[in-house]
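Trainee: give me coordinates for this.
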Amino acid sequence: MAVLLAFGSVSNVFGETYHIKDGLKYMLAENNAYLAGIEDDRTALDVPAYMYDHPVTATTMNFAQKNTNLESVTFENAENISIIGSYSFYNCTNLRTVNLGPYVTELYRGVFRGCTSLESVELSANITEIPYECFYECASLGEITLDRNITVIQENAFVGCTNLVIRCYYDSCAHNFAKAHNIPYILLDSVLLGDANGDGNVNISDVTDIQRAVAEMDTLDDLRKKAADVNGDGVVTIDDATILQMYLAEFATDYPIGVVTAQ
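Mentor: Numbers count the residues shown, from 1 in each chain. Coordinates of the predicted model:
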């Protein structure tokens with residue numbers, strides 16, 4: 001199984017016969033169906049739970065590599081899926097959105113490498129590792145939420161993701177990874193006092209956000225309100241913007257600006 005998903009082709013390893021149903025190529029092993037290719041020119045892929053009576057449990061290595069038709073993929077209905085094989089969507093350069101649904105538990109190496117148009121990925125809550133080269137050179141990838149269940153992120157998992165912003169929890173693996181690699185991040189459960197825009201830094205942009213909120217030109221969510229309420233009086237006012245300006249000008253204040261505050 002590991003060889004099939006990570007290193008070799010189906011025919012070379014097992015000598016199995018491929019089957020085709022509804023434009024999807026698959027092979028059978030131990031009564032399970034492994035998706036092995038896409039035979040039509042579809043732009044959207046909804047991975048099925050079964051191929052005839054056989055549960056679809058994985059995609060093979062290079063399953064849809066270099067498929068330039070695909071624009072979206074969802075695993076939401078693939079209730080038997082657990083593994084996405086190595087380089088399954090390698091160089092799918094028009095792929096923009098992926099929803100891994102609630103069932104996927106493991107991503108193999110380089111799953112989305114070279115998906116240069118990929119903007120949005122929703123990860124399964126069961127995934128614990130972001131593997132080697134997973135999002136390598138996904139230059140369009142924007143915000144991605146990495147929950148506390150993510151305990152391992154390989155060093156080059158996000159190399160070349162020049163627009164990446166990691167949404168994460170304070171002191172989680174993802175938070176520490178973002179800091180170590182200078183990747184912008186947004187904390188989901190904690191804030192830096194004064195960080196009104198939630199970008200992980202306290203600077204003049206936060207003063208502007210507070211001023212916009214006071215002028216009713218912007219609406220702050222609960223976390224941003226907590227960060228913007230610099231003086232801790234329960235409301236966001238122009239006083240908070242003034243205190244923050246003093247802090248940035250290196251005047252002494254009575255407030256722990258720039259310190260993490262739990263939600």
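Trainee: stretch 116-136: which residues count as buried?
Mentor: In terms of neighbour count (16 or more other Cβ atoms under 10 Å), stretch 116-136 has its buried residues at 117-118, 121, 123-124, 127, 129-136. C-beta here means a position set from N, CA and C on the backbone, and glycine is covered the same way.
Trainee: list the contacts for residue 115?
Mentor: By Cβ atoms under 8 Å, 6 or more residues apart in numbering, the residues touching residue 115 are 89, 90, 91, 92, 93, 95, 135, 138.
Trainee: how about the strands of the stretch 151-263 of the chain, start to end?
Mentor: 152-153, 165-168, 185-187, 190-192, 260-262 (DSSP state E, counting those that start in this stretch).
Trainee: which one of the buried residues of stretch 116-136 is nearest to residue 172?
Mentor: Of all the buried residues of stretch 116-136, the one with the least separation from residue 172 (Cβ to Cβ) is residue 130, at 12.4 Å.
Trainee: what about the closest one, distance to residue 168?
Mentor: 12 Å (Cβ to Cβ, to the nearest Å).
Trainee: what sits in contact with each of the two?
Mentor: Between them, residue 130 and residue 168 share these contacting residues under Cβ under 8 Å, 6+ apart: residue 146.
Trainee: show me the contacts of residue 115 that map onto strands.
Mentor: Using DSSP state E, no member of the contacts of residue 115 falls within strands.
Trainee: which one among the buried residues of stretch 116-136 sits at the bottom for pLDDT?
Mentor: Lowest-confidence member of these: residue 124, scoring 86 (pLDDT).
Trainee: so which of the strands of the stretch 151-263 of the chain is nearest residue 102?
Mentor: strand 165-168 (18.3 Å).
Trainee: show me what the closest one is packed up against.
Mentor: Counting contacts by 3 or more Cβ pairs under 8 Å, 6 or more residues apart in numbering; DSSP states H and E, strand 165-168 packs against strand 143-145, helix 173-180, strand 185-187.
Trainee: tell me the pLDDT of residue 9.
Mentor: Here, the pLDDT recorded for residue 9 equals 34.
Trainee: before we move on, back to that, in JSON lines: the buried residues of stretch 116-136, plus secondary structure and distance to residue 55.
Mentor: Formatted as JSON lines, the buried residues of stretch 116-136 follow (DSSP: H, G, I helix; E, B strand; the rest coil; distance: Cβ to Cβ, whole Å):
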{"residue": "117", "secondary structure": "coil", "distance to residue 55": "31"}
{"residue": "118", "secondary structure": "coil", "distance to residue 55": "27"}
{"residue": "121", "secondary structure": "strand", "distance to residue 55": "24"}
{"residue": "123", "secondary structure": "coil", "distance to residue 55": "22"}
{"residue": "124", "secondary structure": "coil", "distance to residue 55": "17"}
{"residue": "127", "secondary structure": "coil", "distance to residue 55": "20"}
{"residue": "129", "secondary structure": "strand", "distance to residue 55": "23"}
{"residue": "130", "secondary structure": "strand", "distance to residue 55": "26"}
{"residue": "131", "secondary structure": "coil", "distance to residue 55": "23"}
{"residue": "132", "secondary structure": "coil", "distance to residue 55": "28"}
{"residue": "133", "secondary structure": "coil", "distance to residue 55": "28"}
{"residue": "134", "secondary structure": "coil", "distance to residue 55": "25"}
{"residue": "135", "secondary structure": "coil", "distance to residue 55": "28"}
{"residue": "136", "secondary structure": "coil", "distance to residue 55": "30"}
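Trainee: quick check: the farthest pair among these?
Mentor: In these, the most distant members under the criterion Cβ to Cβ are 117 and 129, with 24.5 Å between them.
Trainee: and the nearest residue to residue 257 once chain neighbours are set aside, how far from residue 233?
Mentor: Closest residue to residue 257 apart from its sequence neighbours, by Cβ to Cβ, 6 or more residues apart in numbering: residue 194 at 4.2 Å. As judged by Cβ to Cβ, residue 194 and residue 233 stand 15 Å apart.
Trainee: same check on residue 19?
Mentor: 67 Å.
Trainee: which of these two has more residues huddled nearby?
Mentor: Neighbours per residue, other Cβ atoms under 10 Å: of residue 19 and residue 233, the larger number sits with residue 19, 15 against 10.
Trainee: having no further points to raise, I will conclude here.
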